[in-house]
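Peer 1: Generate coordinates for the sequence data below:
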Amino acid sequence: MSMLYYLLLLLAGALQGVMVSLNGQLGNYYSPFAICFFVHGIALILLLAYLLAKKTPLGFKGAPWYVYLVGALGIAIVASTSWCTLRVGASVFLAISTAGQIISSQLIDQFGLFGMPVQKFNAKQIPGYVLLAAGVALVVTG
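Peer 2: Presented below is the predicted three-dimensional model:
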């Protein structure tokens, strides 16, 4: 796999840390659902401006119904981020949520859910999961 993908993923992870912190700060001023409205409203405006400038059609053809649940999932993620980060801190939030992402990703890969290619669990991954659990425990207990 190209190193560019790894660098982009590293950048995305760094930006997620910034986003979690900013969403938490918004929690000082607004309810979790008001924050969702702002975050998704701003995203909608920026995306519409981009689409209009590029004259790019959206092309909603052929996608399975469940892929549109991503909007509801986004609301749940932004709401939980803004509510939980103020209470547990950005590092604990990201440690626990990253563990959740890895667990759900492994299940998706294992069973080929949502049209993903099946990638069976490998015993060589066990040390990684043990280290993940240990890392989360260390971050949470400080």
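Peer 1: Only C-alpha atoms from now on, for both contacts and neighbour counts.
Peer 2: Fine.
Peer 1: how many neighbours does A43 have?
Peer 2: Neighbourhood size, A43 [other C-alpha atoms under 10 Å]: 12.
Peer 1: Please identify which helix or strand holds it.
Peer 2: Following DSSP states H and E, one finds A43 within helix 32-54.
Peer 1: For that helix, which residues meet the burial criterion?
Peer 2: Residues of helix 32-54 classed as buried: P32, F33, I35, C36, H40 (neighbour count, 16 or more other C-alpha atoms under 10 Å).
Peer 1: Just the closest of these to S97, please.
Peer 2: Nearest to S97 out of these is P32 (C-alpha to C-alpha; 17.2 Å).
Peer 1: wait, what's in contact with the closest one?
Peer 2: Neighbouring residues of P32 by C-alpha atoms under 8 Å, 6 or more residues apart in numbering: V78, A79, S80, S82, W83.
Peer 1: any idea of the mean pLDDT for stretch 119-127?
Peer 2: The average pLDDT within stretch 119-127 is 94.
Peer 1: residues in contact with the helix or strand A12 falls within?
Peer 2: Per DSSP H and E: A12 is located in helix 3-26. Helix 3-26 is contacted by residues I35, V78, T81, S82, W83, C84, T85, L86, A90, L94 when judged by C-alpha under 8 Å, 6+ apart.
Peer 1: How about the contacts made by the residue sitting furthest away from the middle of the chain?
Peer 2: The C-alpha centroid of the chain is most remote from K55, which lies 28.3 Å away (C-alpha atoms, centre = their mean). Not one residue lies near K55 by C-alpha under 8 Å, 6+ apart.
Peer 1: related to what we said a few turns ago, just the C-alpha atoms of the helix holding A43, please, in CSV.
Peer 2: C-alpha atoms of helix 32-54 as CSV (Å, rounded to 0.1, in the frame of the first residue of the first chain):
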residue,chain,number,x,y,z
PRO,A,32,-25.1,17.9,21.9
PHE,A,33,-27.8,18.1,19.3
ALA,A,34,-27.3,21.8,18.7
ILE,A,35,-23.7,21.0,18.1
CYS,A,36,-24.7,18.3,15.6
PHE,A,37,-26.9,20.9,13.8
PHE,A,38,-23.9,23.3,13.6
VAL,A,39,-21.4,20.7,12.5
HIS,A,40,-23.6,19.1,9.9
GLY,A,41,-25.0,22.4,8.8
ILE,A,42,-21.6,23.9,8.2
ALA,A,43,-20.5,20.7,6.4
LEU,A,44,-23.6,20.9,4.2
ILE,A,45,-22.9,24.5,3.2
LEU,A,46,-19.3,23.8,2.4
LEU,A,47,-20.1,20.7,0.4
LEU,A,48,-22.9,22.5,-1.5
ALA,A,49,-20.5,25.3,-2.3
TYR,A,50,-18.0,22.8,-3.6
LEU,A,51,-20.5,20.9,-5.7
LEU,A,52,-21.9,24.1,-7.2
ALA,A,53,-18.4,25.4,-8.0
LYS,A,54,-17.3,22.1,-9.6
